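K.L.:
sequence first, then the predicted structure:
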Amino acid sequence: MKYSLLDVAAVGHGEGPADALHGAVPLAQAAERHGYHRVWYAEHHNMPQIASAATSVLIAHVAAHTSRIRLGAGGVMLPNHAPLVIAEQFGTLAELHPGRIDLGLGRAPGSDQNTMRALRRTAQSADSFPQDVLELQGYLSGRTRVPGVRATPGDGTSVPLYILGSSLFGAQLAAALGLPYAFASHFAPAALEAAAATYRAEYKPSAQHPEPYLIVAANLIAADSAQEAEAQYEAALRWRARRFLAPGRELSEAQLDDLLVSPSGQQVRGMMRRTAAGTPDQVHAYLAALAEETGADELILAPAATSRALRLRAVELVPMPAPEASLERAAVSVPAAPN
């Protein structure tokens, strides 16, 4: 079992994007020290709380300050871009940092409808996602599908591709193309079981991936005591309630708690259903059970505490486990996230 991290370079209260972007470095360095397999950065747009919009630029910054850990996009929203441009960007990264660069691909806009139009994207842009993936794969593999067009840099770098998704569509596409699949259960857990089963049942082996490879995402909140972890979890819920249910409004903690017991608040709670929260032992037990339940080959963890210091502490408290430790804990049932 491998542990990895998903980072969005979150902009904290009273901070600016520069704080978040520079703060991504110590988190990746901690992941590297504690045996994590990779760190991915997610493309989001028009979100003041998230600074990871330009994933390739952020990856270059973090790669220059780390030495071994794999880095990538989790993911690039491919319909927002020309496949050739993404091949050149990630080909450049692969030439500068060989053997360390990944490329996860999604089809959502990564924002709202107005921002989608600002990106010069239409509602039909996602329809060409499967063909765009194949075109991108051709550029990176050195077998271009566009006569006379090659990616420089990028051509022949074979940057590993991953399909990201939160529905059966991504599972079916990854299976059809013989690519690894990462499911976004850290915010959309409802279809996890069905997507995992579909991916395995329909998987068509490829030369690069003769077997399916499933990555499952979960939120991470770890602290020295269970009580402290539960407090961080409740704070994370309030942060999401403010962001999704009361944007721009100044509400007290009590008012946010009232929102969280409403029907829409229960939906926000449901988004965090796949959360490993507790002491290090509790977190490891939860993750081992999650891997056993889903058959995941890798778990990618999204640190969910509301401050950078607490997110960094969580990564330090939960290093990647030794193989024998994972096997010992695999029989533990997956508990629910704290109420």
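P.N.:
Perfect, thanks for sending it.

K.L.:
CA only for contacts and neighbour counts going forward, please
P.N.:
OK.

K.L.:
residue ranges of the strands in the stretch 51-200 of the chain, please?
P.N.:
70-77, 101-106, 161-165, 181-183 (DSSP state E, counting those that start in this stretch).

K.L.:
list the strands paired with the longest one, with their directions.
P.N.:
Neighbouring strands of strand 70-77 in its sheet, by DSSP bridges, are strand 38-41 (parallel), strand 101-106 (parallel).

K.L.:
quick check: angle from it to strand 161-165?
P.N.:
Counting by axes from the mean of the first three to the mean of the last three C-alpha atoms, to 10 degrees, strand 70-77 lies at 50 degrees to strand 161-165.

K.L.:
just the CA trace of whichever helix in the chain runs longest, in PDB.
P.N.:
The residue-count maximum for a helix in the chain (DSSP state H) belongs to helix 226-245. C-alpha atoms of helix 226-245 as PDB (Å, rounded to 0.1, in the frame of the first residue of the first chain):
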ATOM      1  CA  ALA A 226      -8.700  11.800  19.400                       C
ATOM      2  CA  GLN A 227     -10.400  14.900  21.000                       C
ATOM      3  CA  GLU A 228      -8.100  17.300  19.100                       C
ATOM      4  CA  ALA A 229      -8.700  15.400  15.900                       C
ATOM      5  CA  GLU A 230     -12.500  15.600  16.300                       C
ATOM      6  CA  ALA A 231     -12.200  19.400  17.000                       C
ATOM      7  CA  GLN A 232     -10.200  19.800  13.700                       C
ATOM      8  CA  TYR A 233     -12.900  17.700  11.900                       C
ATOM      9  CA  GLU A 234     -15.700  19.900  13.100                       C
ATOM     10  CA  ALA A 235     -13.700  23.000  12.100                       C
ATOM     11  CA  ALA A 236     -13.200  21.600   8.600                       C
ATOM     12  CA  LEU A 237     -17.000  21.000   8.400                       C
ATOM     13  CA  ARG A 238     -17.700  24.600   9.400                       C
ATOM     14  CA  TRP A 239     -15.200  25.800   6.800                       C
ATOM     15  CA  ARG A 240     -17.000  23.800   4.100                       C
ATOM     16  CA  ALA A 241     -20.400  25.100   5.300                       C
ATOM     17  CA  ARG A 242     -19.200  28.600   5.100                       C
ATOM     18  CA  ARG A 243     -17.700  28.100   1.600                       C
ATOM     19  CA  PHE A 244     -20.600  26.200   0.100                       C
ATOM     20  CA  LEU A 245     -23.700  27.300   2.000                       C
END
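
K.L.:
I'd like the next helix or strand past it.
P.N.:
For helix 226-245, the following helix or strand on the C-terminal side (DSSP states H and E) is helix 253-260.

K.L.:
Ala218: what secondary structure?
P.N.:
With DSSP: H, G, I helix; E, B strand; the rest coil as the basis, Ala218 sits in strand.

K.L.:
so who does it touch?
P.N.:
Applying C-alpha atoms under 8 Å, 6 or more residues apart in numbering to Ala218 gives the contacts 184-186, 274-276, 299-302.

K.L.:
look up phi and psi at Pro212.
P.N.:
phi -60, psi 150 (degrees, to the nearest 10).

K.L.:
who's in contact with it?
P.N.:
With contacts defined as C-alpha under 8 Å, 6+ apart, Pro212 is in contact with 175, 178-181, 199-200, 203, 205.

K.L.:
reformat these as CSV; add distance to Ser111, pLDDT and neighbour count.
P.N.:
Shown next, in CSV, are the contacts of Pro212 (distance: C-alpha to C-alpha, whole Å; pLDDT from 0 to 100; neighbours: other C-alpha atoms under 10 Å):
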residue, distance to Ser111, pLDDT, neighbour count
Ala175, 26, 98, 24
Gly178, 28, 98, 24
Leu179, 25, 98, 27
Pro180, 25, 98, 24
Tyr181, 22, 98, 28
Tyr199, 26, 98, 26
Arg200, 30, 98, 19
Tyr203, 30, 98, 23
Pro205, 33, 98, 15
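
K.L.:
could the residues you listed go into JSON lines alongside distance to Asp155?
P.N.:
JSON lines is the format used below for the contacts of Pro212 (distance: C-alpha to C-alpha, whole Å):
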{"residue": "Ala175", "distance to Asp155": "25"}
{"residue": "Gly178", "distance to Asp155": "21"}
{"residue": "Leu179", "distance to Asp155": "19"}
{"residue": "Pro180", "distance to Asp155": "21"}
{"residue": "Tyr181", "distance to Asp155": "23"}
{"residue": "Tyr199", "distance to Asp155": "29"}
{"residue": "Arg200", "distance to Asp155": "30"}
{"residue": "Tyr203", "distance to Asp155": "27"}
{"residue": "Pro205", "distance to Asp155": "23"}
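
K.L.:
and of these, the nearest to Ala190?
P.N.:
Comparing the contacts of Pro212 against Ala190 with C-alpha to C-alpha picks out Tyr199 as the nearest, at 15.5 Å.
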